[in-house]
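>>> Predicted model follows, preceded by the sequence.
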Amino acid sequence: MRCVILLAMLVSSRANAVQIKNESNLEAMRRAGRLASECLAWIVEQVEPGMTTLDIDDLQMGFARDRGVKPAPLGYRGFPRSICTSVNEVICHGIPDRNVTLREGDIVGIDVTLIVEGFHGDTAATIAVGQVSEEVAHLLCVTLQAQRRGVEAVRPGARLGDIGAAIQSTVEPEGFSVVRDFVGHGIGRRFHEDPQVPHYGESGRGLRLRPGMTFTVEPMINVGVPDVEILEDGWTAVTGDRQLSAQYEHTLEVTADGVRILTVQNDAGDWEPPGGWWPPGFPGAPGA
Ligand code: MF3
Ligand code: CO
Ligand code: CO
């Protein structure tokens, strides 16, 4: 008897760790997601060769000040700036720096997280600085396609492993690799909540998705090895072989019959690329 009760407690406390948001929470999450999306799009339009990554942080600071919202990264576990800017071989968590100048042909990952009415909206895009080579454009297209397929695996009754499997099976046939050391995450009043959302895995495995869950899907895809190294600043994550890495991130909500993307600019929550930015040659892109 005692064992049965203990087991039930363990199981239920694990299940409770993943929150189900109520309607009023979800409405705030939608407003946070929309504003984060608008912010990312507004920044992306202004990126050009010659800018520094600290200029991008200035844009983020100005946007947040004008809208009266807080950029979540600032001071988060000691992070010193308001936005993450990850250039070329930087996988994620790049710190804006006045000594890092963007050059034609670079790629830069821009990761915006805003706190609106107490709730977080988290979205990222890796964009081209000026013109990039076909190889680089291919990495961006495959990464965005993987993000889209991962998101499209989300519906009530599906499992977390379905998301990772969709991403992995898009990326690996292209010869690229999925980063293991960083994962998507539950999100709400806290920046990072349960569950962890791996971008690799087996379909049919893992947590079963339910309406009212909110989490991110944010695959980081490397041209070469999946290995991560953290630089001496304690944040900047670079690829083990210093080859390129790309990432796209949306915050999303599991609905009664599917998924609503919160970090887009359409009310239905239909998928669109983070920040509204389409990599050159992306299949299905307007004008492609
Ligand atoms: N926005 C990142 C994510 O997608 C987290 C950045 S944490 C920071 O989860 F401290 F670097 F901002
Ligand atoms: Co995130
Ligand atoms: Co993010």
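Received it, and whenever you're ready, just let me know what you need. Ligands and ions are numbered 1, 2, ... in the order given.

>>> Grab the nearest non-local neighbour of the residue most central in space within the chain.
Closest residue to the average C-alpha location of the chain: residue 249 at 2.4 Å, with Cα atoms, centre = their mean. Distance criterion Cβ to Cβ, 6 or more residues apart in numbering; nearest residue to residue 249, sequence neighbours excluded, is residue 218 at 3.3 Å. Glycine gets a C-beta too; all of them are placed from N, C-alpha and C.

>>> re the thing from before, report the contact partners of the residue nearest to the centre of the chain.
Residues in contact with residue 249 (Cβ atoms under 8 Å, 6 or more residues apart in numbering) are 111, 122-125, 147, 184, 216-218, 263, 274.

>>> tell me, which of those residues make contact with ligand 2?
Within the set of these, contact with ligand 2 (Cβ under 5 Å from the ion) is found for 122, 216.

>>> So the residue of the stretch 1-150 of the chain found nearest ligand 2, which state does it fall into?
Closest residue of the stretch 1-150 of the chain to ligand 2, Cβ to the ion: residue 122 (4.1 Å). Three-state call for residue 122 (DSSP: H, G, I helix; E, B strand; the rest coil): strand.

>>> Next up, the contacts around it.
By Cβ under 8 Å, 6+ apart, the contact set of residue 122 is 36, 72, 111-113, 187, 191, 216, 218, 249, 251, 263.

>>> just to revisit the earlier point, any idea how far the residue nearest to residue 249 is from residue 183?
Taking Cβ to Cβ, to the nearest Å as the measure, residue 218 falls 8 Å from residue 183.

>>> Next: residue 113.
Counting by Cβ to Cβ, the gap from residue 113 to residue 183 is 16 Å.

>>> which one of these two has more residues nearby?
Under the neighbour definition other Cβ atoms under 10 Å, residue 113 and residue 183 were set side by side, and residue 113 has more, 29 against 21.

>>> Doesn't the more buried one belong to a strand?
Yes: Residue 113: assigned to a strand according to three-state DSSP.

>>> list the residues that contact both of residue 218 and residue 183?
By the contact definition Cβ under 8 Å, 6+ apart, residue 218 and residue 183 are jointly contacted by residue 199.

>>> so what's residue 192 up against?
185-186.

>>> For the protein, which residues are neighbours of ligand 1?
Within the chain, the residues that sit near ligand 1 (Cβ under 6 Å from any ligand atom) are 73, 76-77, 79, 84, 93, 111, 113, 122, 185, 216, 218, 249.

>>> List buried residues within those residues.
Neighbour-count burial (16 or more other Cβ atoms under 10 Å) applied to the residues of the chain next to ligand 1 gives 73, 79, 84, 93, 111, 113, 122, 185, 216, 218, 249.

>>> Does the fourth one touch residue 234 like I think?
Right, residue 93. No: if you go by Cβ atoms under 8 Å, residue 93 and residue 234 don't touch, sitting 9.3 Å apart.

>>> So which residues of the stretch 51-200 of the chain form strands?
70-71, 84-87, 90-92, 107-116, 119-128, 177-178, 184-186, 193-197 (DSSP state E, counting those that start in this stretch).
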